[in-house]
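# Structure of the sequence below:
(one chain, ligands or ions: 2)
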Amino acid sequence: MTFKGGVHPPDRKELSAQRAIQTVAVPKQLSIMLSQHIGAICKPLVNKKDTVTAGQVIGNADAFVSAPVHSPVNGTVKDIALCSHPVLGRAEAIIIESNADNQPKHPCPNNFDVDFDPTYYSPDQIFEAVRKAGIVGMGGAGFPTSVKIKANPQSPITDIIINACECEPFITCDYRLMLEWTIQILAGIALISRALNCKNIYIGIEDNKPDAVATFKKAVESIPFANGMNVVAVKTKYPQGGERQLIKSILNKDVPTSGIPPMIGVLVSNVATCAAIAEAVVLNNPLTYRPVTVSGRGVKNPGNFYAPVGMAAGELIELAGGLTEDAVKVIMGGPMMGFAIADLSTPLTKTSGAITVLTPKDFPKRKETPCIRCGRCVAACPVNINPTKIAHAVKNNMLDVAKQYYMSACIECGCCSYSCPADIELTGYIKTGKILVARAKKLMPA
Ligand code: SF4
Ligand code: SF4
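Ligands and ions are numbered 1, 2, ... in the order given. Sure, this is the predicted structure:
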């Protein structure tokens, strides 16, 4: 079973797939965004010139749907100011200057044991640890994980799906994580299962990663706490890693158009998030570091890094050998769903799994031409909406019409733009429309 629509872009994963994850040295300066998640924006809890320690909460909000932010390093607050944000344009950040020395060594991941016992932790302890650690969906959604793993007897979760697809071209950090931190990921999955008292677990991995499928199959058979988890090889097709698409492929269930997976009893979590959950619950570590792929034909030496949140994109690009002479576009994220950035000081957030740099070979500059009504964008859309009608409405400032065409259901996968022979940036128009609606409702800064 698989979902309708979707596309098959060249995946270019060979550029970084064999590059093991390297932990980066502590940068001199970090910009910790106060908005890195869906929900209430954090307020700073520190002032300029304050001393901070690694793991200290530096921003928080009272709302249930939010996630605190922490300092990844020992250092001093240099400023609290507007910085370039990968999604919001500019947003407030706490800028920290790290101490030249006296930095704690970030605990090496994958120090989990096969006899790990998730029942040692109660569901409340797991929820509290995840909330305090500021964990959000690291696959890109940024929804606070504590909210997702809080058991609700009125609406129980019956199936847990672990999203290990990594369907975006170029990105390989989750793939490396699966090979290198297998036990830690499984420990995180077992903790989610314990928090929700749900034993139906499916780990969905695209079939273009046969070694990851084999590693997980072997692990769930041999590791006692992972026995009974199902490893499912799903078809390689973009956007297989979309929540709705993966639920359709694995459970053959549909999430209602304006609904979310828990409405049909399903929780979906990404593999990096599972690893962060294990680290938070067992080691009491907040989410301050994350795996990130820096790839594309526009960087000299693509690779995978374990980097502190707040590190500038430009510094990560330097670690990957720097830009090539023909680099033309830097994207925070992958080429399908990421956001182009013009400022290389834009910091990594908890949801940034990749920095992709494209060259004219990947990104031929073509001029938009009029729609020829071929319907390819409609056929490619995995959520069965009409991209051309929505884009047309946004272009003409008719946001009410765009809403009537279910603009909010768009998952911003980019399939419509990718398939359009007229080179209309359909996804761009739809993203703009959604931002304009959110700003009108004051859900996003202007
Ligand atoms: S309309 Fe949205 S969900 Fe549909 S193909 Fe375009 S970007 Fe993807
Ligand atoms: S794919 Fe492009 S040209 Fe074809 S209907 Fe959609 S917008 Fe028009």
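# Can you pull the residues of the stretch 301-446 of the chain lying near ligand 1?
380-383, 385, 387, 410-416, 426-427, 430 (C-beta under 6 Å from any ligand atom). C-betas here are computed from N, CA, C, even on glycine.
# hmm, try it at 8 Å
Counting by C-beta under 8 Å from any ligand atom, the positions of the stretch 301-446 of the chain adjacent to ligand 1 are 377, 380-383, 385-387, 390, 409-417, 426-427, 430.
# Which of these fall within strands?
Judged by DSSP state E, the subset of these located in strands is empty.
# Which parts of the protein are helices?
Remark: helices assigned in the chain by DSSP state H are 123-132, 145-148, 173-180, 182-196, 210-222, 243-251, 271-283, 313-319, 376-380, 387-395, 399-404, 415-419, 426-440.
# Any stretches of the protein with poor pLDDT?
106-111, 364-365, 441-446 (pLDDT under 70).
# so what are the domain limits for it?
Using automatic domain parsing, the domain parsing of the chain gives 118-283, 376-440.
# right, so of these, which gets closest to A17?
Nearest to A17 among these is domain 118-283 (4.6 Å), distances taken as C-beta to C-beta.
# Would you tell me which of the domains of the chain gets closest to E97?
Ranking the domains of the chain by proximity to E97 (C-beta to C-beta) places domain 118-283 first, at 21.3 Å.
# Contacts (any at all) between ligand 1 and that closest one?
Yes. Contact of domain 118-283 with ligand 1 (C-beta under 8 Å from any ligand atom) involves P239.
# measure that domain end to end?
13 Å (C-alpha to C-alpha, to the nearest Å).
# Could you give the separation of it from the chain centroid?
Centroid displacement of domain 118-283 relative to its chain, using C-alpha atoms, centre = their mean, to the nearest Å, is 13 Å.
# Begin at 13, not 1, for the rest of this chat.
Got it, first residue is 13 now, which makes that one domain 130-295.
# And for Y133, nearest residue in space, chain neighbours not counted?
Leaving aside its chain neighbours, Y133 sits nearest to V293 (5.8 Å; criterion: C-beta to C-beta, 6 or more residues apart in numbering).
# contacting residues for the one you found?
Residues in contact with V293 (C-beta atoms under 8 Å, 6 or more residues apart in numbering) are Y133, Q137, I138, A141, V142, L203.
# One more pass at 7 Å, please.
Y133, I138, A141, V142, L203 (C-beta atoms under 7 Å, 6 or more residues apart in numbering).
# and if you look at F182?
If you count contacts by C-beta under 7 Å, 6+ apart, F182 has them with R24, K25, L27, T305, S307, G308, G346, P347, A366, T368.
# go on, C179?
E218, Y250, P251, Q252, G253.
# And for the nearest residue to the third one once chain neighbours are set aside, the neighbour number?
If you skip the residues right next to it in sequence, P251 has C425 as its closest partner in space, 4.2 Å away by C-beta to C-beta, 6+ apart. Under the neighbour criterion other C-beta atoms under 10 Å, C425 is assigned a count of 25.
# try F76
Counted by other C-beta under 10 Å, the residues lying close to F76 total 12.
# What are the phi and psi values at it?
phi -60, psi -40 (degrees, to the nearest 10).
# Nearest spatial neighbour of it, chain-adjacent residues omitted?
Spatial nearest neighbour of F76, excluding adjacent residues (C-beta to C-beta, 6+ apart): V159 at 6.6 Å.
# same deal with K446?
Residue nearest to K446 in three dimensions, not counting chain neighbours: M419, with 6.3 Å by C-beta to C-beta, 6+ apart.
# Hmm, the one you found is touching K443, no?
No. Using C-beta atoms under 7 Å, M419 is not in contact with K443; the gap is 9.9 Å.
# For the residue of the stretch 113-262 of the chain found nearest ligand 1, give me its contacts.
Of all residues in the stretch 113-262 of the chain, P251 sits closest to ligand 1, at 7.4 Å by C-beta to the nearest ligand atom. By C-beta under 7 Å, 6+ apart, the residues touching P251 are G18, C179, Q257, P394, I423, C425, C427.
# hmm, try it at 8 Å
By C-beta under 8 Å, 6+ apart, the residues touching P251 are G18, C179, E180, Q257, M348, M349, P394, I423, C425, C427.
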